[in-house]
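Colleague: what's the 3D shape of this:
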Amino acid sequence: MEQIALKAEKRNISSKGGINGLRRNGKLPGVLYGKNIDSSPVTVDAKELMKILKNHGESALINLELEGRTHPVLMKEIQRDTFKDAIVHVDFYGISMTEKIEFDLPIILKGDAEGVKMGGILQHQKREISVKALPKDLPEHLEVDISDLKIGDTLTVGDLKVDEKLTVLDDPEEVVISILAPKLAEDTGVPTGQQAAEPEVVAKGKEKKEEE
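Modeller: Below you'll find the model as predicted:
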């Protein structure tokens, strides 16, 4: 996984008004914490963080530069204001580059399933898998080619082609993708003629109140 540099500054402001003022000035509040790291309130440039999210996703491995030191971190949690569709707070979790970590690896689908072309309905039931590896061996995502999937086919965790440097922690029998026949999709309440609707993901799947 590519490491991306991001500068941070220590944050001495904790009041709601002060935090809102930082955001108006293009700064995003966050917290740096982790193994052998004293928890520190920080701010980062909002535009720079958005650029990282756009180009590398929420799983990016970041070199967070703070007061002359560089901390390899992952974004542990991203809190969003769902009404404004804006990020309001980020937790940066410091890691060791020499110790294996557990990580939620996003699954990206590639290709058009043959079964969907024939009228079947694609159900993407599992959108990430839990793996364990050294930080340098973690990819940003796992690409899965679904081109050959036909109506009635399923793809499980055990079917995924994962680099041998990664240890998959999820149940190998858990279904990742399935192609339903149109009639079966109707019976199970899945919208026909389209892929099942994707759920909104907020703060890694959990909507939380902002923590200053």
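Colleague: can you map out the helices along this structure?
Modeller: Applying DSSP state H to the chain gives helices spanning 16-24, 46-56, 114-117, 182-187.
Colleague: In contact with Glu65, which residues?
Modeller: 5-8, 71 (CB atoms under 8 Å, 6 or more residues apart in numbering). Just so you know, the C-beta spots here come from the backbone N, C-alpha and C atoms, and that holds for glycine as well.
Colleague: ok, back up a step: out of the helices of the chain, nearest to Phe92?
Modeller: Nearest to Phe92 among the helices of the chain is helix 46-56; the distance by CB to CB comes to 10.1 Å.
Colleague: So which bits of the closest one are buried?
Modeller: For helix 46-56, a neighbour-count test (16 or more other CB atoms under 10 Å) marks 46, 49, 52, 56 as buried.
Colleague: by contact count, what packs against that helix?
Modeller: The contact analysis (3 or more CB pairs under 8 Å, 6 or more residues apart in numbering; DSSP states H and E) places helix 46-56 against strand 3-10, strand 27-34, strand 86-94.
Colleague: ok, now how distant is the closest residue to Phe92 other than its chain neighbours from Ile13?
Modeller: Of all residues not flanking Phe92 in the chain, Val73 sits nearest, at 4.2 Å (CB to CB, 6 or more residues apart in numbering). Going from Val73 to Ile13 by CB to CB, to the nearest Å gives 21 Å.
Colleague: out of those two, which sits in the busier spot?
Modeller: Set side by side, Val73 and Ile13 show more neighbours around Val73, with 27 against 16, by other CB atoms under 10 Å.
Colleague: dump the residue contacts of that one.
Modeller: Val73 makes contact with 32, 34, 61-64, 92-95, according to CB under 8 Å, 6+ apart.
Colleague: Same check on Gly26?
Modeller: By CB under 8 Å, 6+ apart, the contact list for Gly26 reads 45-47.
Colleague: cutoff 6 Å now
Modeller: Taking CB atoms under 6 Å, 6 or more residues apart in numbering as the contact definition, Gly26 lies against Ala46.
Colleague: For the residue nearest the centre of the chain, which non-adjacent residue is spatially closest?
Modeller: Closest to where the C-alpha atoms of the chain average out (CA atoms, centre = their mean) is Glu58, at 4.2 Å. Sequence neighbours aside, Met75 is the residue nearest to Glu58 in space, at 5.6 Å (criterion: CB to CB, 6+ apart).
Colleague: hey, what's the one you found bridged with?
Modeller: Under DSSP bridges, the beta-bridge partners of Met75 are Phe92.
Colleague: How much space separates it from Val116?
Modeller: Applying CB to CB, the value for Met75 to Val116 is 33 Å.
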